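>>> the following block contains a protein sequence and its predicted model.
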Amino acid sequence: LVDNNTALVDKLKRFQQENEELKARMDKHMAISRQLSTEQAALQESLEKESKVNKRLSMENEELLWKLHNGDLCSPKRSPTSSAIPFQSPRNSGSFSSPSISPR
């Protein structure tokens with residue numbers, strides 16, 4: 001009976017030790033799981049922001065391509081306010097009169 005009792009006490013101690021080790025592993029896994037969940041949420045938020053930026057840039061690109069295809073870009077040559085003459089710098093346009101210099 002004493003041997004049986006001693007064997008049962010030894011088994012109980014082993015099971016308690018194993019139980020503590022398993023609890024420690026569970027706690028470690030839970031901490032890692034929480035950390036990964038936090039990282040996943042941050043990555044998801046970053047992905048959503050990048051997706052919004054990408055969508056906006058894609059729409060801008062599509063709009064610019066449409067304008068380019070339909071001749072709707074406001075370039076100096078196509079602007080309704082500019083003349084048919086291509087843009088020239090004021091220095092080369094001759095629109096400024098040079099000061100008259102009288103010989104002495």
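Okay, I see it.

>>> helices of this structure, start to end?
Ranges of helices in the chain, per DSSP state H, are 2-69, 90-93.

>>> name the stretch among these that sits most buried.
Highest mean neighbour count of these: helix 2-69, a mean of 10 (counted as mean count of other C-beta atoms under 10 Å). To be clear about C-beta, it is placed using only N, CA and C from the backbone, and glycine gets the same treatment.

>>> and the helices of the chain as JSON lines, adding mean pLDDT?
Formatted as JSON lines, these follow (pLDDT from 0 to 100):
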{"stretch": "helix 2-69", "mean pLDDT": "98"}
{"stretch": "helix 90-93", "mean pLDDT": "47"}
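
>>> any idea how far Arg14 lies from Glu21?
According to C-beta to C-beta, to the nearest Å, Arg14 stands 11 Å off from Glu21.

>>> hmm, I was thinking of Glu39
27 Å.

>>> same check on Trp66?
Counting by C-beta to C-beta, the separation of Trp66 from Glu21 is 66 Å.

>>> and for Lys67?
Applying C-beta to C-beta to Lys67 and Glu21 gives a distance of 68 Å.
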